[in-house]
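1. Only the shape, not the letters, is given here:
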């Protein structure tokens with residue numbers, strides 16, 4: 001199949017979070033299975049900088065085409081693209097494409113490209129990546145977007161690929177509120193995945209520990225953007241309440257406005273280390289150095305960082321907002337309410353019991369191996385794509 005992925009950002013724009021890693025994982029896995037994969041994206045590197053590499057490049061069997069943003073300030077302030085020439089580029093690509101797979105719902109890229117795909121009769125799949133819920137993120141902007149564009153865009157989507165059954169329900173309810181032709185839009189659940197080879201083996205951690213003054217005690221790792229819905233403020237308070245003298249809390253991720261507040265909450269405690277954004281080898285070293293992964297978030301789809309930490313053999317301490325209840329059912333960690341008391345209680349248990357950490361970490365790795373690999377995700381995507389193409393044939397597209 002010839003598959004075109006449309007996304008606001010693509011590697012190496014990892015500062016935008018798990019969506020970038022998710023799209024990269026899908027694209028690489030599909031290319032490995034022999035499909036012709038193209039990614040149409042922008043030159044965004046982070047909220048301020050642009051990617052300095054080629055506009056048209058191929059690696060890992062994936063062709064990546066990047067359009068320049070006309071107004072970088074729109075990206076910095078509202079995370080909206082102003083992609084120069086994207087509609088024209090899509091018009092040249094779509095005639096030879098079998099499937100258009102768009103990522104996130106409320107994007108200017110979708111406004112530009114989806115109408116072109118519809119005119120050409122190309123089936124459209126949508127991965128919302130946990131962004132549908134109005135209660136998280138830029139709520140006012142989401143509501144305004146839906147009033148202006150929601151119904152028309154929803155009507156163009158042939159298949160919604162949610163991360164979880166909960167997100168399937170959210171999508172159905174949103175489509176119903178739009179009055180969109182729900183009867184012709186299909187809904188499926190396809191989870192995120194992990195490249196297990198990236199975590200086997202992990203790099204040595206001694207140098208990383210020394211560089212960040214982490215000592216020899218157990219390390220609790222938070223990895224994600226520093227924003228309210230990630231629950232990092234709750235984690236800082238819970239770590240202090242757990243009162244483990246030898247432990248450290250390692251906070252990894254780009255600041256999105258919360259860092260001053262987090263530093264205030266930390267009271268200068270040397271056990272809390274703010275490492276900033278880490279990429280490449282340093283990011284893997286952070287997983288290798290850690291003993292526990294914690295993410296008491298609200299409004300997550302299915303956090304890539306949690307899956308990657310589990311692939312690295314770390315027990316996971318998550319909230320229901322991470323939509324990974326199977327972690328506790330499989331003995332791979334704990335799922336507790338995102339409150340200081342609940343998180344602190346389980347932190348004490350894990351910090352005090354090295355054998356429990358090792359047992360849960362092994363089960364976490366096994367759970368990822370059984371359910372969350374990109375190879376399996378690619379097989380699931382193929383099944384959905386083939387069904388979409390079959391439906392188009394029946395409908396005479």
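-> Received, thanks. As the structure is a computational prediction, the values presented were derived from the model and not from experiment. Residues are numbered from 1 along each chain as shown.
2. Residue 9 sits in which helix or strand?
-> Counting by DSSP states H and E, there is no helix or strand that carries residue 9.
3. Tell me the gap between the one helix or strand residue 355 maps to and the middle of its chain.
-> Assigned by DSSP H and E, residue 355 belongs to helix 354-371. Distance, stretch centre to chain centre, for helix 354-371: 21 Å (Cα atoms, centre = their mean, to the nearest Å).
4. Same question for it: list its buried residues.
-> 357, 360, 361, 363, 364, 365, 367, 368 (16 or more other Cβ atoms under 10 Å). For glycine as for every other residue, the C-beta is placed from the backbone atoms N, C-alpha and C.
5. now stretch 338-356
-> Going by neighbour count (16+ other Cβ under 10 Å), the buried part of stretch 338-356 is 338, 340, 342, 343, 344, 346, 347, 348, 350, 351.
6. quick one: buried residues of the strand or helix carrying residue 167?
-> Element membership for residue 167, per DSSP H and E: helix 165-178. Neighbour-count burial for helix 165-178, counted by 16+ other Cβ under 10 Å, picks out 166, 167, 168, 170, 171, 174, 175, 178.
7. Narrow the buried residues of stretch 338-356 to those in helices?
-> Mapping the buried residues of stretch 338-356 onto helices (DSSP state H) picks out 340, 342, 343, 344, 346, 347, 348, 350, 351.
8. how near is the fifth one to residue 259?
-> I take that to be residue 346. According to Cβ to Cβ, to the nearest Å, residue 346 and residue 259 sit 25 Å apart.
9. so for the helix holding residue 355, what's the average pLDDT?
-> Mean per-residue pLDDT for helix 354-371: 97.
10. If you count contacts, what does it end up packed against?
-> When contacts are defined as 3 or more Cβ pairs under 8 Å, 6 or more residues apart in numbering; DSSP states H and E, helix 354-371 packs onto helix 304-311, helix 326-329, helix 340-352.
11. between the ones you listed, which gets nearest to residue 237?
-> Nearest to residue 237, of all the helices and strands packed on helix 354-371, is helix 340-352, at 4.5 Å by Cβ to Cβ.
12. so what does that closest one touch, helix or strand wise?
-> Here helix 340-352 touches helix 232-242, strand 292-295, strand 316-318, strand 333-335, helix 354-371, going by 3+ Cβ pairs under 8 Å, 6+ apart.
13. end to end, how far does stretch 100-109 reach?
-> Distance across stretch 100-109, first residue to last, is 12 Å (Cα to Cα, to the nearest Å).
14. Let me see the ranges of the strands in the protein.
-> In the chain, the strands defined using DSSP state E lie at 2-6, 36-42, 56-59, 62-67, 99-103, 124-127, 159-162, 186-189, 219-223, 248-252, 272-276, 292-295, 316-318, 333-335.
15. Within its sheet, name the partner strands of the third one and how each one runs.
-> Each strand that strand 56-59 pairs with, and the sense of that pairing, follows from DSSP bridges: strand 62-67 (antiparallel).
16. now the last one
-> As defined by DSSP bridges, the strand partners of strand 333-335 come to strand 316-318 (parallel).
17. Show me what the partner strand is in contact with.
-> 292-297, 303, 306, 309-310, 324, 327, 332-336, 343, 346-347, 350, 360, 364 (Cβ atoms under 8 Å, 6 or more residues apart in numbering).
18. For ChimeraX, what selects the buried ones among those?
-> Of the contacts of strand 316-318, the buried ones go into a single ChimeraX selection, burial set by 16+ other Cβ under 10 Å:
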select :292,293,294,295,296,297,303,306,309,310,324,327,332,333,334,335,336,343,346,347,350,360,364
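19. can I assume residue 290 is in contact with residue 308?
-> No - counting by Cβ atoms under 8 Å, residue 308 is not a contact partner of residue 290; they are 11.2 Å apart.
20. Looking at those two, which has the bigger crowd around it?
-> residue 290 (27 against 24; other Cβ atoms under 10 Å).
21. Low-confidence ranges, the stretch 51-200 of the chain, go.
-> Counting by pLDDT under 70, the stretch 51-200 of the chain contains low-confidence residues at 73, 75-78, 136-137, 180-183.
22. Please enumerate the helices of it.
-> For the stretch 51-200 of the chain, the helices defined by DSSP state H, counting those that start in this stretch occupy 72-78, 86-93, 108-119, 139-145, 151-156, 165-178.
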